[in-house]
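> Here is a sequence together with a model predicted from it:
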Amino acid sequence: MARDFQLPRRSAAMAANAMAATSHPAATLTALDVLKSGGNAVDAAIAAIAVLAMAEPHMTGLGGDCFAIYVKNGKTPVAYNGSGRAPAKAEVGWYVEHGIRVIPADSPHAVTVPGAVEAWSRLLADHGTKELAALLAPAIALAEDGIIVTPRVAYDFAAFQHRILGNEAAMRVFAPGGRILGEGDRLRNPALARTLRRVAREGRAAFYEGPVAEELVATLNARGGLHAAEDFARHRGQYVTPISAPYRGHEVFECPPNGQGIAALMILRILEGFADRDLDEADRIHLLAEATKCAFSARDALVGDPDVVPVPVAHLLSDAHAAENRARIRMDRAAPAPVYDAAEHKSTVYLCVVDRDGNAVSFINSLFDDFGSGIFAPECGVMLQSRGKMFRTTPGHPNAIAPGKRPLHTIIPGFLMKDGKARMPFGVMGGNYQPIGHAHLISHMLDRGLDPQAAVETPRSFCFDGALGLEHAVPESVAQELARRGHRVGYAERPFGGAQAIWIDRERGILIGGSDPRKDGFAAGY
């Protein structure tokens, strides 16, 4: 579809050799430097994700979790689950006895063992080509010398400064002098630089054993956490077999549970039964909302850590289940919108890279809430995530907290294949919005013929927690039609998520990238 150059939007990025798409300029430029110096997709992704720990520290960092899907040129996709686990002492009965019905974001009980550093180290050892020290050097320099706060980061800092103000240790970094850093200010974190140097020398052990782990455990214990040094020392992520579903002649791959990628696939399976050419914008939004209700009901009732509870993946992705869900949908009337008791968050970074040899990686890292749990360890400069707030404290629930268990996870890298070959690494940030965002992006590209940049710029809707939220670019006439069908419609105060994607055009031998204007970053290649 040709672009209208009178409309204020970006052109898709195009390149012949390699490309990176991230949510921040510094990360994209770092990835390109690695690619130009001979590094592969995994090398570039790790260097970029480390930079994002400084560039978007409210979204990601060493204290978060990580998932990735990697496709080596000519090979089948492999996935890595870098999510952390609950402490060994985290028995659900303890929470019941102490009257903890939900786990708040700012509670030490919301902090599972961070999985990011282990995932970076493992992926690099198995699939990278460069030394960790070289890849972490750009992030170390930024942590030491400082990085300028960009507009979207400043917008988020201002919106969530209440999670920092009053926290003396965190304020020294993010709100020196008592004022949250704003657009154009310089952010420094020399303690994080020291930690990154230690990791560069010693690898995963530098984070999960020794002084860094000791400080993290002590910080959590001081707030009532049940963590122990052994919880950190024993942490390991794992390779997992991706799950997939067909869509319009392609195959969409996601990480399996404990991630929610299965919800994205369920939504796409429902959408595939409807002919998009017969739909207007109100129809598309309505159908996406109705498919979301079906998928999320199953997600919340059935998905948890497959090491602990069985998840019926084959059934949920089956033709019969998709047909059953489609039969429930009426185009002229909205089904009742459930109120979900799953935790909401929007604080994640996603990036993707394709290198000159055709290797591609889809890479996502997250603190869960903005500034994670808000628990900051000053000596190592690490902000800890709040992923454990997704756990339930209801005995017998599939996602009930338990020793060494992983919570239902919202961060999901995606990958599109066709005829057994890589077609597009892609991802959409935004917590519970992510499965919807995956379906929205894929549909707009494969059904409407949009390029990655045009697809990520398309106005978004989000059916969640009893309501249908619309971004401001959705016309009022569409909102009125959706309300007429029975949706509780409202315009969102903040944008829904962010996205990156790189289309591998094998027919012409080029790469076409898109990066979300809702963030500060861009896609670029050479």
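Noted; the coordinates are in hand.
> Which stretches in the stretch 51-200 of the chain count as helices?
Along the stretch 51-200 of the chain, counting by DSSP state H, counting those that start in this stretch, helices occupy 92-97, 116-127, 132-145, 151-159, 168-174, 190-202.
> Deepest-packed of these, please.
helix 116-127 (a mean of 22; mean count of other Cβ atoms under 10 Å). Quick note: C-beta positions are derived from backbone N, CA and C, even for glycine.
> ok so, going back, need the helices of the stretch 51-200 of the chain in a markdown table with distance to residue 316 and mean pLDDT, can you?
Shown next, in a markdown table, are the helices of the stretch 51-200 of the chain (distance: least, Cβ to Cβ, whole Å; pLDDT from 0 to 100):
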| stretch | distance to residue 316 | mean pLDDT |
| --- | --- | --- |
| helix 92-97 | 25 | 96 |
| helix 116-127 | 26 | 98 |
| helix 132-145 | 38 | 98 |
| helix 151-159 | 34 | 96 |
| helix 168-174 | 40 | 96 |
| helix 190-202 | 38 | 98 |
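> what's the closest of the ones you listed to residue 499?
Among these, the nearest to residue 499 by Cβ to Cβ is helix 151-159 (13.6 Å).
> And for that closest one, what's in contact with it?
Residues outside helix 151-159 that contact it (Cβ atoms under 8 Å, 6 or more residues apart in numbering): 24, 55-56, 58-59, 149, 174, 180-185, 370, 494, 518-520.
> Please apply the same query to stretch 477-491.
281-282, 285-286, 289, 332-334, 337, 463, 466-472, 474.
> Which members of these are positioned in strands?
Secondary structure defined by DSSP state E assigns 463, 467, 468, 469, 470 of the contacts of stretch 477-491 to strands.
> so which of those residues comes closest to residue 207?
residue 469 (37.4 Å).
> From residue 489, how far out is the closest one?
8 Å (Cβ to Cβ, to the nearest Å).
> so what's the spatially most central residue of the chain up against?
The chain has residue 411 as the residue nearest its centroid, 3.7 Å off, counting by Cα atoms, centre = their mean. Residues near residue 411 by Cβ under 8 Å, 6+ apart: 65, 67, 259, 348, 364, 365, 366, 434.
> For the third one, list each beta-bridge partner.
In this case it means residue 259. residue 409 (DSSP bridges).
> Over to the fourth one?
Here residue 348 sits in beta bridges with residue 366, going by DSSP bridges.
> contacting residues around it?
59-60, 364-368, 410-411, 429-431, 434 are the contacts of residue 348 under Cβ under 8 Å, 6+ apart.
> Please produce JSON lines containing those, extended by distance to residue 381.
Listed next are the contacts of residue 348 as JSON lines, based on distance: Cβ to Cβ, whole Å:
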{"residue": "59", "distance to residue 381": "16"}
{"residue": "60", "distance to residue 381": "14"}
{"residue": "364", "distance to residue 381": "22"}
{"residue": "365", "distance to residue 381": "16"}
{"residue": "366", "distance to residue 381": "18"}
{"residue": "367", "distance to residue 381": "14"}
{"residue": "368", "distance to residue 381": "19"}
{"residue": "410", "distance to residue 381": "25"}
{"residue": "411", "distance to residue 381": "22"}
{"residue": "429", "distance to residue 381": "23"}
{"residue": "430", "distance to residue 381": "26"}
{"residue": "431", "distance to residue 381": "25"}
{"residue": "434", "distance to residue 381": "28"}
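> which one among these gets closest to residue 236?
Taking those together and measuring to residue 236 by Cβ to Cβ, the closest member is residue 365, at 17.5 Å.
> Please tell me I have it right and the closest one contacts residue 52.
Yes. Assessed by Cβ atoms under 8 Å, residue 365 is found in contact with residue 52 at 7.0 Å.
> more neighbours, these two?
Between residue 365 and residue 52, counting by other Cβ atoms under 10 Å, residue 365 is the more crowded of the two (32 against 24).
> any idea what sits nearest that one, other than its immediate chain neighbours?
residue 60 (4.4 Å; Cβ to Cβ, 6 or more residues apart in numbering).
> wait, what's in contact with the one you found?
With Cβ under 8 Å, 6+ apart, residue 60 has these contacts: 49, 52, 53, 116, 347, 348, 349, 365, 366, 367.
> does the last one really touch residue 62, like I thought?
No. The pair formed by residue 367 and residue 62 falls short of the contact definition of Cβ under 8 Å, at 9.9 Å.
> out of these two, which sits in the more crowded spot?
Counting neighbours by other Cβ under 10 Å for residue 367 and for residue 62 shows that residue 367 has the greater number, 31 against 27.
> Who are the contact partners of that one?
Applying Cβ under 8 Å, 6+ apart, one finds that residue 367 lies in contact with 58, 59, 60, 61, 63, 64, 347, 348, 383, 384, 385, 386.
> from the residues you listed, which two are the most distant?
Pairwise over the contacts of residue 367, using Cβ to Cβ, the maximum falls at 348 and 384, 15.4 Å.
> where are the low-confidence patches of the chain?
1-3, 340-347 (pLDDT under 70).
> Report the contact partners of residue 429.
Counting by Cβ under 8 Å, 6+ apart, the residues that residue 429 touches are 23, 59, 346, 348, 349, 350, 364, 437, 497, 498, 499.
> change it to 10 Å
23, 59-60, 346-350, 364, 366, 410-412, 437, 496-500, 516, 518-519 (Cβ atoms under 10 Å, 6 or more residues apart in numbering).
> again, but for residue 422
70-77, 253, 354, 358-360, 362, 415-416, 502, 504, 506.
> With residue 31 instead?
So residue 31 contacts 18-22, 39, 41, 43-49, 51, 138, 351-353, 355, 524-525 (Cβ under 10 Å, 6+ apart).
> follow-up on the earlier one: nearest to residue 169 among the ones in strands among the contacts of stretch 477-491?
Of the ones in strands among the contacts of stretch 477-491, the one sitting nearest to residue 169 (Cβ to Cβ) turns out to be residue 469, at 34.8 Å.
> So what sits opposite the closest one in the bridge?
Residues in beta-bridge contact with residue 469 (DSSP bridges): residue 462, residue 490.
> now it: how far from residue 496?
Counting by Cβ to Cβ, the gap from residue 469 to residue 496 is 7 Å.
> shared neighbours of those two, anything?
With Cβ under 10 Å, 6+ apart as the test, residue 469 and residue 496 both reach 433, 460, 461, 462.
> any idea which helix is longest in the chain?
Across the chain, the longest stretch assigned as helix under DSSP state H is helix 281-302.
> Quick check on the ones in strands among the contacts of stretch 477-491: which are buried?
Neighbour-count burial (16 or more other Cβ atoms under 10 Å) applied to the ones in strands among the contacts of stretch 477-491 gives 463, 467, 468, 469, 470.
> doesn't residue 339 make contact with the second one?
Yes. The pair residue 467 and residue 339 qualifies as a contact (Cβ atoms under 10 Å) at a distance of 9.2 Å.
> what's near enough to touch residue 211?
So residue 211 contacts 194, 195, 198, 379, 380 (Cβ under 10 Å, 6+ apart).
> Tell me how many other residues surround the last one.
Taking other Cβ under 10 Å as the criterion, the count of residues near residue 380 is 23.
> Who does residue 415 form a beta bridge with?
The partner residues for residue 415, given DSSP bridges, come to residue 253, residue 425.
> if we can go back for a sec, need the contacts of residue 211 in CSV (columns: distance to residue 454).
Rendered in CSV, the data for the contacts of residue 211 read as follows (distance: Cβ to Cβ, whole Å):
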residue, distance to residue 454
194, 43
195, 40
198, 43
379, 46
380, 42
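> Name the pair among the residues you listed with the greatest separation in space.
198 and 379 (11.4 Å).
> Three-state assignment for the residue nearest to residue 294 when sequence neighbours are not counted, please.
Excluding its sequence neighbours, the residue lying closest to residue 294 (Cβ to Cβ, 6+ apart) is residue 325, at 4.1 Å. Three-state call for residue 325 (DSSP: H, G, I helix; E, B strand; the rest coil): helix.
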